[in-house]
Each structure stands twice: as C-alpha cells, then as structure tokens.
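Trainee: Return a 3D structure for these sequence lines:
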Amino acid sequence: MTKITSKHLEVTALIRERIEARLEKLSRHDVQLINPHVIITQEKQLFKIEASVGIPNSTLFAQAKNEDLYSAINAMGQKLEKQLNKLTHKPEAQRNASLKRQEEAPEKDSELDLEEEYAA
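Mentor: Residues are numbered from 1 along each chain as shown. From the prediction side, this is the model:
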C-alpha cells in the first residue's frame with residue numbers, strides 16, 4: 001500500500017492511480033517494495049513530487065519538479081527506475097570487473113615463469 005501525502009493539494013483517485021501505476025513498473029525488477037511514500041507539494045506554478053521507497057538492503061529516493069503534475073510523476077518514476085536498475089545490475093558489473101582482473105593476473109605470473117626459465 002502506497003502512502004501518499006500532499007501539501008496544498010487534494011489527492012484525487014486519478015492522481016493516486018497514476019502514482020501507483022508508476023510504482024508498479026518498479027516490480028518488473030522482482031524486488032519487494034517496502035513502505036513506498038510519496039509527497040506531493042504545490043509551490044506557486046510548480047508541482048514537486050518526492051518519493052521514498054525501501055527495498056531490501058537499500059532505499060530509493062527521487063524528487064521531481066514540473067508545471068504539469070503528471071509529467072512530474074513520470075519524471076519521478078523514471079528516476080526511481082534508473083536507481084533500481086543500477087542496484088539490481090550492480091553485481092553483474094562487479095563480476096565482470098573481477099573476471100578481467102583474474103584474467104590479467106595469470107599473464108603476469110606466466111611472464112615471471114618465463115623469465116625464471118631463461119635465467120636458469
């Protein structure tokens with residue numbers, strides 16, 4: 001259940017549906033969303049949206065401002081997706097870096113072995 005708080009604005013059913021649909025897209029990454037909380041603030045002509053979503057071992061936070069409320073919701077959702085994508089693919093990136101290091105290490109050892117053979 002998404003908690004939506006608003007300041008100087010009434011949250012309609014359509015706004016709630018749009019926010020929940022945007023957060024639903026995060027479930028494509030097979031990550032459990034823990035206590036998602038969205039704060040909507042209207043400041044003069046701008047709408048400011050802040051979202052804080054807990055996931056196992058981390059917390060996602062995104063903030064977006066726009067003159068159009070729905071554009072701000074979409075921008076906030078894109079920022080959350082980008083953060084979640086980065087976190088879910090982080091082990092793959094680290095694995096590739098460690099494989100490269102392991103491949104380089106034996107080459108250095110084999111060069112030392114060759115130098116020892118020539119020295120003898």
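Trainee: the strands in the protein, which residues?
Mentor: Using DSSP state E, the strands of the chain run over 3-7, 34-43, 46-55, 58-66.
Trainee: Of the ones you listed, give the one that comes closest to residue 26.
Mentor: strand 46-55 (7.1 Å; CB to CB). (Glycine included, C-beta is placed from N, CA and C.)
Trainee: quick one: buried residues of that closest one?
Mentor: 47-53, 55 (16 or more other CB atoms under 10 Å).
Trainee: Direction included, what does it pair against?
Mentor: Sheet pairing of strand 46-55 (DSSP bridges) gives strand 34-43 (antiparallel), strand 58-66 (antiparallel).
Trainee: Could you check how far that strand is from the centre of its chain?
Mentor: 13 Å (CA atoms, centre = their mean, to the nearest Å).
Trainee: possible to save the strands of the chain as JSON lines with distance to residue 26 and mean pLDDT?
Mentor: Shown next, in JSON lines, are these (distance: least, CB to CB, whole Å; pLDDT from 0 to 100):
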{"stretch": "strand 3-7", "distance to residue 26": "15", "mean pLDDT": "91"}
{"stretch": "strand 34-43", "distance to residue 26": "9", "mean pLDDT": "92"}
{"stretch": "strand 46-55", "distance to residue 26": "7", "mean pLDDT": "93"}
{"stretch": "strand 58-66", "distance to residue 26": "8", "mean pLDDT": "94"}
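Trainee: Most tightly packed of those?
Mentor: Of all these, strand 46-55 carries the top mean neighbour count, a mean of 18, counting by mean count of other CB atoms under 10 Å.
Trainee: can I get the CA coordinates of that strand in CSV?
Mentor: Extracted C-alpha coordinates of strand 46-55, given in CSV (Å, rounded to 0.1, in the frame of the first residue of the first chain):
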residue,chain,number,x,y,z
LEU,A,46,5.2,24.1,-9.9
PHE,A,47,4.4,20.6,-8.6
LYS,A,48,7.1,19.0,-6.5
ILE,A,49,7.0,15.2,-6.0
GLU,A,50,9.2,13.3,-3.7
ALA,A,51,9.2,9.5,-3.3
SER,A,52,11.0,7.3,-0.9
VAL,A,53,10.8,3.5,-1.5
GLY,A,54,12.5,1.0,0.7
ILE,A,55,13.9,-2.2,-0.9
